[in-house]
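Engineer: Quick one: sequence plus predicted model below, questions after.
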Amino acid sequence: MSETKPEVSHGVEQDSQISRIAFKAPVFWKDDPELWFFQEESQFVTAGISNDSTKFHEVVAALNSNVLSCVRNIVRNSPLENAYIALKYRVLHQFAQSSSARLNLLLKGLQLGDKHPSHLLGEMRNFTPAKMDDDILQTL
């Protein structure tokens with residue numbers, strides 16, 4: 001009795017390879033690393049990239065030398081498992097603003113100036129926890 005193997009659609013395989021080839025990580029945003037990782041992870045999804053090692057290497061390729069020097073030990077001695085998660089955590093720890101810095105900017109650093117009030121409110125939302133109501137921001 002002969003064994004038949006299911007045929008693999010070359011179209012699906014080619015689409016996956018094209019997505020991986022077409023993937024280009026955005027330049028790292030030192031001012032907003034959290035948002036940069038959201039964009040990076042969205043691109044991983046659309047490119048069909050789910051492998052931890054591939055994600056790790058894509059992020060390393062997207063970081064400039066100043067950022068890489070701050071995470072050198074993870075890049076040179078990446079863990080065998082969850083290397084991407086470890087790198088992401090370290091980058092965010094190094095470059096993301098602390099809660100107190102964000103609160104300080106919210107209370108002291110933002111001014112209406114010649115902006116529309118709605119534009120200022122939008123800027124204020126960027127520095128607040130997700131659960132804070134707009135009513136609180138409007139009183140500030």
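Structural biologist: Yep, that arrived.
Engineer: List the contacts of Phe37.
Structural biologist: Taking CB atoms under 8 Å, 6 or more residues apart in numbering, we find Phe37 in contact with 88, 91-92. C-beta here means a position set from N, CA and C on the backbone, and glycine is covered the same way.
Engineer: Write the ChimeraX selection for whichever of those residues are buried.
Structural biologist: Remark: buried members of those, expressed as a ChimeraX selection using 16 or more other CB atoms under 10 Å:
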select :88,91
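Engineer: could the contacts of Phe37 go into a markdown table alongside secondary structure and pLDDT?
Structural biologist: Below are those laid out as a markdown table (DSSP: H, G, I helix; E, B strand; the rest coil; pLDDT from 0 to 100):
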| residue | secondary structure | pLDDT |
| --- | --- | --- |
| Lys88 | helix | 94 |
| Val91 | helix | 93 |
| Leu92 | helix | 89 |
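Engineer: Which of the contacts of Phe37 sits closest to Trp29?
Structural biologist: Of all those, Trp29 sits closest to Val91, with 10.9 Å by CB to CB.
Engineer: Surely the closest one is in contact with Val71?
Structural biologist: Yes - at 5.9 Å, Val91 and Val71 qualify as touching, with contact defined as CB atoms under 8 Å.
Engineer: how close does Trp36 sit to Arg76?
Structural biologist: 22 Å (CB to CB, to the nearest Å).
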